[in-house]
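**Q** fold the following.
(chains A and B)
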Amino acid sequence: MTAVAATGAHSGRRFFFANERTAYWLMVAPAAVLMAAFYFYPLVEVLWISVTEPKPGLDNYALLFTSASIRRTIVTTLRICTITTAVTIVLGYVVAYVLVHASPRAQRWLFLGVLVPLWISVLVRAFAWVTLLAREGLINTTLRDAGIIEQPLALIWNEFGIVIGMVHYMIPYAVLPLYASMRDIDARTVSAARGLGGSRFYTFRRVFLPQSLPGIIGATVLVFIFSLGFFVTPAILGGGKTLMIAEYISLQILDLLRWGLGTMLASTLVIFIFVLLAALAKVVDLKRLFGAG
Amino acid sequence: MSELRQSVVVQRMVKRYGRVAAVDDVTLEIERGEFVTLLGPSGSGKTTILMAIAGFVQPTSGDILLDGRAITRLPPERRNFGMVFQGYALFPHMTVFENVAFALRARGRPGEEVQRKVVEALDLVQLSPYAQRLPRQLSGGQQQRVALARALVFTPHLLLLDEPLSALDKKLRADLQLELKALHERVGLTFLYVTHDQDEALSMSDRVAILREGKLVQFGRPRELYERPATRFVADFLGKSNFIAGTAQGGDGGTLAYSAGGLTLRQAVAGAPPAPGAPILVALRPEKIAVVADTPPDTANAVAGRIAQWSYSGTHFQLLVDTPAVGRMIATVPAWRCRIEPATGATVHLGWDPDATVIVAEDASADSPH
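**A** Here you go, the predicted structure:
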């Protein structure tokens, strides 16, 4: 009786999952279908439009090398992203360094300070910067009332304003990977270096900094890639005068209805990011870098 | 003259963490070229003392002197002490060569000198073939030797070792103990060693300082500590001991008679014996007990009992003997040509001479004040 029941149960399982591979694919399927329908399909569609509109061929891509406005936008984007990334990494490094060395109690408060901005809408934050940085904003009026300046400083509607807004947005994304990599550093190696005659600065440069390098690389890539796709912050703080690539794409597609050009730029951006990641993968272990390893 | 011989002095050091005293008024004088071990259980303050000497911990009060000069406020990088950390703390991103070269490069020594001294140091620990490896590519014992070379390469005033062997397996540990001892003789440097392992302390050190709850209990040569422990804690922590609590009766000719469990036992004393009626505590090493099966032995002290439990360790039998007079006693007998047949429940006689035992003091404790 038990033997029969066992066989029945066994064959029953056979019926549902002919083998382990089928079971595996059945379980993966819902997520895979979702990704295919809402992620890969639109991406392929974008690629497709970029080589078919207005007529089939690579004419859109040729514009990368011929159009002065596109080149200007790309150069502006790369410049702002590079400056943003550099400033963010330096500031993020300082914050992460303080975090790692703080007492557990202080650490909780510091973390709150780092994470709270993440919960506030990017739109709200951009407008908050406007009220601070505008011609008649808090900073300019304060400086003028204090007699330090006579003419208001141009803090906004330019690249300076964009960089401030973007750095503010990106800092948590730099702090987290940096903190993770610094936390893995054995504090005794720092003590050992001091004991061996290394001054504070020498020890930092030769022992701490090199060991936090994976975090620096990870944070740099993360921040740079995120910066490339920035839309809201540059649109608001740049005041339409400084055009970055995301805003340029939106302009082509939504206002000028030049789908071919817009999708070409979007595709170029995606390909550029993949190339960047591939190059990075040659240098460091990406899985480990982003916490999967 | 004696002041000139002193190399490192810890003077009335106190270190408090909040209300807890990790180190409580410890004074230690370490002579030049000595191998001194700080021995104690975890929480005894031994590592805190080491860290204060290295400069990583600032004492709450007291001083650290090097050749008579206070260095208490000096940052670690200006003390010129070599240190081997627990777990070694090698720089994982540098090769063995660069690890060892670190102290020389930090001092801005010319490349030729760095090259020569690092090669010398690696030769000293027999690791020359591994110079270009990374620490993670080495075994635990090899990493330990890299840490040693790194700490010795700049000819420090003092070598501090914080449980350097604790991560290694037993056999390797025994080998490295001998190596360390030999190294100490070769380089002639003052070694200050921290461990909780009594065998390590006894086999390597010139002198051992025994710490308990932040206080220095006894400081002396290994043999002296083992044979003449000052307190119950020392007798118990260094090896094993039986303890017999009794009442002093009277002394004559260097022997003290005392009563314990209805018996009169004898104890050798040097100097003035305790006053009659005073409570005394006597420590007796298990291997100093003669165990005989049939008749009471002709030693000055003899008690009878039953074997409650026994075990065999190759070289020895260990017997747990329940005696009506003095409670449970541990005795060890060499297994080779053993004259008794260990068996649970068998009656045996335990005997020992008056000079086999030693009077020890009870330890003052925060939990049970005496």
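
**Q** from here on, contacts and neighbour counts on C-alpha atoms
**A** Will do.

**Q** and A:Met264, what's its pLDDT?
**A** Looking at A:Met264, its pLDDT stands at 92.

**Q** can you check the one 4 residues further on too?
**A** In this model, A:Thr268 is scored at 92, pLDDT.

**Q** secondary structure element for it?
**A** Here A:Thr268 sits within helix A:259-283, counting by DSSP states H and E.

**Q** for that helix, buried residues please.
**A** For helix A:259-283, a neighbour-count test (16 or more other C-alpha atoms under 10 Å in any protein chain shown) marks A:259-270, A:273, A:277 as buried.

**Q** ok, it near chain B or not?
**A** No - judged by C-alpha under 8 Å from any C-alpha of the partner chain, helix A:259-283 makes no contact with chain B; its nearest approach is 15.1 Å.

**Q** and the helices in chain B, which stretches?
**A** B:2-5, B:46-54, B:96-106, B:111-124, B:140-152, B:170-187, B:198-204, B:222-227, B:232-237 (DSSP state H).

**Q** returning to what we had before: ok, the buried residues of helix A:259-283 vs chain B, which is closest?
**A** Nearest to chain B, judged by C-alpha to the nearest C-alpha, of these is A:Leu277 at 23.7 Å.

**Q** for the longest helix along chain A, packing partners?
**A** Longest helix in chain A, counting residues (DSSP H): helix A:68-101. Judged by 3 or more C-alpha pairs under 8 Å, 6 or more residues apart in numbering or on different chains; DSSP states H and E, helix A:68-101 is in contact with helix A:59-66, helix A:104-115, helix A:159-183, helix A:213-228, helix A:245-250.

**Q** so who does residue 265 touch?
**A** Because you didn't say which chain, this covers chain A. Applying C-alpha atoms under 8 Å, 6 or more residues apart in numbering or on different chains, one finds that A:Leu265 lies in contact with A:Ile245, A:Ile249.

**Q** hm, I was asking about chain B
**A** By C-alpha under 8 Å, 6+ apart, the contact list for B:Leu265 reads B:Ala257, B:Tyr258, B:Ser259, B:Ala300, B:Asn301.

**Q** any idea how far it lies from chain A?
**A** Between B:Leu265 and chain A the computed distance is 54 Å (C-alpha to the nearest C-alpha, to the nearest Å).

**Q** average pLDDT for stretch A:50-68?
**A** 86.

**Q** ditto for stretch A:226-243
**A** Across stretch A:226-243, pLDDT averages out at 85.

**Q** repeat for stretch A:162-177
**A** Average pLDDT, stretch A:162-177: 92.

**Q** what comes into contact with it?
**A** The contact list for stretch A:162-177, computed with C-alpha under 8 Å, 6+ apart, reads A:80, A:83-85, A:87-89, A:91-93, A:95-96, A:114-115, A:117-118, A:122, A:125-126, A:129, A:156, A:215-216, A:218-220, A:222-223, A:227, A:230, A:233-234, A:237-238, A:289-290.

**Q** buried among those residues? Make that a PyMOL selection.
**A** Those of those that count as buried under 16+ other C-alpha under 10 Å are selected in PyMOL with:
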select buried, chain A and resi 80+83+84+85+87+88+89+91+92+93+95+96+114+115+117+122+126+129+156+215+216+218+219+220+222+223+227+230+233+234+237+238+289
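
**Q** mind telling me which residue of the stretch 101-250 of chain A is nearest chain B?
**A** A:Gly197 (3.9 Å).

**Q** neighbours around the nearest residue to that residue once chain neighbours are set aside, how many?
**A** The shortest distance from A:Gly197 to any non-neighbouring residue, by C-alpha to C-alpha, 6 or more residues apart in numbering or on different chains, is to B:Glu77 (3.9 Å). By other C-alpha atoms under 10 Å in any protein chain shown, 24 other residues sit near B:Glu77.

**Q** the residue of the stretch 101-250 of chain A closest to chain B belongs to a helix?
**A** No - counting by DSSP: H, G, I helix; E, B strand; the rest coil, A:Gly197 is not part of a helix but coil.

**Q** what about it, how many residues close to it?
**A** A:Gly197 has 25 nearby residues by other C-alpha under 10 Å.

**Q** one more: B:Asp63?
**A** For B:Asp63, using other C-alpha under 10 Å, the count is 22.

**Q** surely it is in contact with B:Gln11?
**A** Yes - using C-alpha atoms under 8 Å, B:Asp63 is in contact with B:Gln11, at 5.1 Å.

**Q** and the closest residue to chain A within chain B, what does it touch?
**A** Residue nearest to chain A within chain B: B:Glu77 (3.9 Å; C-alpha to the nearest C-alpha). B:Glu77 makes contact with A:Arg194, A:Gly195, A:Leu196, A:Gly197, A:Gly198, A:Ser199 under the criterion C-alpha under 8 Å, 6+ apart.

**Q** switch to 6 Å and redo it
**A** For B:Glu77, the contact set (C-alpha atoms under 6 Å, 6 or more residues apart in numbering or on different chains) comprises A:Arg194, A:Gly195, A:Gly197, A:Gly198.

**Q** need the winner for burial among the helices and strands packed on helix A:68-101.
**A** helix A:159-183 (a mean of 23; mean count of other C-alpha atoms under 10 Å in any protein chain shown).

**Q** next one: it to chain centre, how far?
**A** When distances are taken as C-alpha atoms, centre = their mean, to the nearest Å, helix A:159-183 is centred 9 Å away from the chain's centroid.

**Q** got the angle for it vs helix A:104-115?
**A** With axes from the mean of the first three to the mean of the last three C-alpha atoms, to 10 degrees applied, the angle from helix A:159-183 to helix A:104-115 works out at 150 degrees.

**Q** got the angle between helix A:159-183 and helix A:213-228?
**A** Orientation of helix A:159-183 against helix A:213-228 (the same axes, to 10 degrees) gives an angle of 150 degrees.

**Q** derive a ChimeraX selection command for the buried subset of the contacts of B:Leu265.
**A** Of these, the buried ones can be selected in ChimeraX as follows, counting by 16+ other C-alpha under 10 Å:
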select /B:257,258,259,301
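
**Q** turn the contacts of B:Leu265 into a markdown table, including distance to B:Gly271 and pLDDT.
**A** Output for the contacts of B:Leu265, formatted as a markdown table (distance: C-alpha to C-alpha, whole Å; pLDDT from 0 to 100):
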| residue | distance to B:Gly271 | pLDDT |
| --- | --- | --- |
| B:Ala257 | 14 | 90 |
| B:Tyr258 | 16 | 92 |
| B:Ser259 | 20 | 90 |
| B:Ala300 | 20 | 86 |
| B:Asn301 | 21 | 90 |
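
**Q** among the contacts of B:Leu265, which ones are in strands?
**A** Cross-referencing these against strands under DSSP state E gives B:Ala257, B:Tyr258, B:Ser259, B:Asn301.

**Q** want to throw those into CSV with distance to B:Val333?
**A** Shown next, in CSV, are those (distance: C-alpha to C-alpha, whole Å):
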residue, distance to B:Val333
B:Ala257, 27
B:Tyr258, 26
B:Ser259, 26
B:Asn301, 18
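
**Q** list just the nearest of these to B:Leu281.
**A** B:Tyr258 (10.1 Å; C-alpha to C-alpha).

**Q** chain A contacts on chain B?
**A** Residues of chain B found near chain A (C-alpha under 6 Å from any C-alpha of the partner chain) are B:Pro76, B:Glu77, B:Ala89, B:Ala103, B:Ala106.

**Q** pretty sure the third one contacts A:Val190?
**A** No - taking C-alpha atoms under 6 Å as the definition, B:Ala89 is not a contact partner of A:Val190, at 8.5 Å.

**Q** one step back: export the helices and strands packed on helix A:68-101 to JSON lines and tack on distance to B:Val291?
**A** Compiled in JSON lines, these are given as follows (distance: least, C-alpha to C-alpha, whole Å):
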{"stretch": "helix A:59-66", "distance to B:Val291": "99"}
{"stretch": "helix A:104-115", "distance to B:Val291": "58"}
{"stretch": "helix A:159-183", "distance to B:Val291": "58"}
{"stretch": "helix A:213-228", "distance to B:Val291": "66"}
{"stretch": "helix A:245-250", "distance to B:Val291": "92"}
